[in-house]
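# Predicted model, plus sequence, below.
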Amino acid sequence: MTITVDITPEVKAALARQAAARGRAVECYAASLLEEAVRLPAAPPAPSELEDQTARPRRQRPSGRKSLAELFAESPFRGLDLDFERDRDPGRDIDL
């Protein structure tokens, strides 16, 4: 699916910094954020899993920080029919 979103220059710059910090292209990083936002919650743990003390504890979000799902749920763009589309990179000529 292709979706186009108009974002402010500040958001674009922040997104580019975060993508660069992870060594990813901005388009791929933005797509991963959207995928994470729509991920359905996992099924509740089975009773036997609750008793297992060796299970890894869940990471805690720093106080004052919202999850990506909360951020998108409160977005002023929520409910709009947005068309996200990325520019196709035509590549470049390479002299061999």
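Right, received. Where do you want to start?

# where do the strands sit along the chain?
Counting by DSSP state E, one finds no strands in the chain.

# Could you list the low-confidence segments of it?
40-58 (pLDDT under 70).

# again, only this time at 80
Within the chain, the stretches with pLDDT under 80 are 1-2, 39-64, 66, 68-69, 71-91, 96.

# Point to the residue nearest the middle of it.
In the chain, the centroid-proximal residue (Cα atoms, centre = their mean) is residue 33; its distance is 0.7 Å.

# Contact partners for that residue?
Contact criterion Cβ atoms under 8 Å, 6 or more residues apart in numbering gives residue 68 as the residues in contact with residue 33. C-betas here are computed from N, CA, C, even on glycine.

# how much space is there between it and residue 94?
In this structure, residue 33 and residue 94 are 32 Å apart, going by Cβ to Cβ, to the nearest Å.

# Equivalent analysis for residue 88, please.
Spatial separation of residue 88 from residue 94 under the definition Cβ to Cβ is 18 Å.

# How about residue 16?
Here the criterion is Cβ to Cβ. By it, residue 16 lies 26 Å from residue 94.

# what's the nearest residue to residue 25 if we skip its chain neighbours?
Using Cβ to Cβ, 6 or more residues apart in numbering and skipping residues adjacent in sequence, the residue nearest residue 25 is residue 19, 6.5 Å away.

# Quick check: that neighbour touching residue 26?
Yes - with contact defined as Cβ atoms under 8 Å, residue 19 and residue 26 form a contacting pair (4.5 Å).

# Look at these two and report which has more neighbours.
residue 19 (18 against 15; other Cβ atoms under 10 Å).

# residues in contact with that one?
Contacts for residue 19 (Cβ under 8 Å, 6+ apart) come out as 25, 26, 28, 29, 30.

# So which of those residues wins on neighbours?
Of all the contacts of residue 19, the most densely surrounded is residue 30 (21 neighbours; neighbours counted as other Cβ under 10 Å).

# So residue 16 and residue 94 - more neighbours on which side?
It is residue 16, of residue 16 and residue 94, that has more neighbours when counted by other Cβ under 10 Å, with 14 against 5.
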